[in-house]
Structures are given as C-alpha cells and as structure tokens.
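Asker: no sequence for this one, just the structure:
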C-alpha cells in the first residue's frame, strides 16, 4: 500500500477508536449529575496531564524554551479571548432554544487542534517508515481514549444534546485525517512549525482545565461528592501518565 493509504487508514482508526469510549456514555439512558461531574473532574485531570506530561515535553524537545513558552502564553490568551467572545454571544442571544456553556465550544476547538496535530505526527512518522507510523498510531489511540471520554462528559455537562456531542466529536476527529494528509504533502512546512503548534495546543488544554473545569469542580458543596471528584481528577492524571509511559 502507498504511504497515503497507510496514513489515511491510520488516521481513520485513530478517530474511530478514540471516540469508542465516549460513545458508551451516549448510550447510557440516564447519567446522574454527580457521575457526570466526576467525569468532568476526570477530564480536568486528563487535560492537565496531557498538557504537562505529553504535549509540553514534546514541544520543548523540538524548540527553543523561550519561544515555546511564548506560544503557550499565546494559546492561553487566544482561548481566553475566544471564551470572552462566546460569553458575549451567549448573553446577546439569551432567548435561544438550547442553552449551552461556552466551555463546550472551547473543548471542541481545543480537541480539534489536538487531533490535527496527531494527524501531522502520524503523517510525518509514516514518511520515516511504515512500522514507525503504525506504532505511533497505536500510541496516540491509547492515550486519546480516556481523554475523549472526558471530552464527551464535558459537552454533556455543558448542555449539548447527545446527538450534537456525537456529531461535533465526529467532525473534530476528521482533523486527524486532514493533518495527516497535509503532513504527507507539505512535510517541510509542518515539520518546522510543529513546536509552535504543539505549544498552542498545550495552552488551550491548560486554559480550559484551569479556567473552566477546575472552578466548576470547586462549586461542589457536598462533602461526599467533593471526595469523589477529587479522586476522579487524580485518576485522570494517573491514567494519562500511565498511557504516555506505555506508549513511549
């Protein structure tokens, strides 16, 4: 098979298998609010772990520390401005039929950026060799599954219907395919820009988890639920940590 076919199949497999865990949530007829909040806590831990254990070390290995730090800050500022715009838009359309929290849209944007970077990584590794591309694809799938479960939970908690959650995540997963194709055809351009793109993605994850998810967790007043949510956040960190370790 050609490299184009290999990269296409790998990208599709990454998108489909990564969504599998989240789809299980959609088939649950009823989800207790406390359970959903625990999953949001899990997502917060997973996103922080993905940023600090997986994405940032990769960025600092590839680029200058000062430049990478600047792009992380740029990523945080961009998502701050995006949320401000979404809040303004939300308040100017207060009588809309379906009320959703801005954090849901931010998660979709951040996940799409991350999927795009995963696709670039898949495409570039297949250019090196097919076995390396397959191993990289398996590693990406392994640590994407728990993160996608958290993303589904955030969107459900943000007020999105199950149909919209599935549709938006499906669209987001196609960014992997686009990234892989662009990497194959414009490898030189994207190889040079990868450190900066990775830093922007890390900034988005840090902003969403620290500015939106963790403050939401702090609103809980029930002592029992606080314990469960704290454990869920720590579990999110541990799962991603182990997944990244095994992938390496």
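Answerer: Received it, and whenever you're ready, just let me know what you need. Note that the coordinates shown come from a computational prediction; the quantities given were computed from them, not determined experimentally.

Asker: Can you give the distance of stretch 110-123 from its chain's centre?
Answerer: Relative to its chain's centre, stretch 110-123 lies at 9 Å (C-alpha atoms, centre = their mean, to the nearest Å).

Asker: With stretch 52-71 instead?
Answerer: Distance of stretch 52-71 from its chain centroid, counting by C-alpha atoms, centre = their mean, is 17 Å.

Asker: Residues in contact with it: which ones?
Answerer: 72, 114, 143, 194-196, 198-203, 205, 240-241, 244 (C-beta atoms under 8 Å, 6 or more residues apart in numbering). (Glycine included, C-beta is placed from N, CA and C.)

Asker: I figured residue 80 hits residue 211, correct?
Answerer: Yes. Using C-beta atoms under 8 Å, residue 80 makes contact with residue 211 at a distance of 7.3 Å.

Asker: what are the ranges of the helices in the chain?
Answerer: 3-26, 33-49, 56-62, 65-92, 102-128, 130-157, 162-185, 187-207, 214-218, 223-247 (DSSP state H).

Asker: quick one: buried residues of the shortest one?
Answerer: Which is helix 214-218. 214, 216-217 (16 or more other C-beta atoms under 10 Å).

Asker: now what about it, what contacts it?
Answerer: The contact list for helix 214-218 (C-beta under 8 Å, 6+ apart) reads 37, 40-41, 44, 103, 229, 233.

Asker: for the last one, same thing?
Answerer: Surrounding helix 223-247, the residues in contact under the criterion C-beta under 8 Å, 6+ apart are 34, 37-39, 41-50, 53-54, 138-140, 142-143, 146-147, 150, 217, 220.

Asker: For the buried ones among those residues, write the corresponding PyMOL selection.
Answerer: Here is the PyMOL command that selects the buried residues among those (16+ other C-beta under 10 Å):
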select buried, resi 37+38+39+41+42+43+44+45+46+47+48+49+50+53+54+139+140+142+143+146+147+150+217+220
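
Asker: Give me the spatial nearest neighbour of residue 200, chain neighbours excluded.
Answerer: Excluding the flanking residues, the one nearest residue 200 by C-beta to C-beta, 6 or more residues apart in numbering is residue 75, at 4.1 Å.
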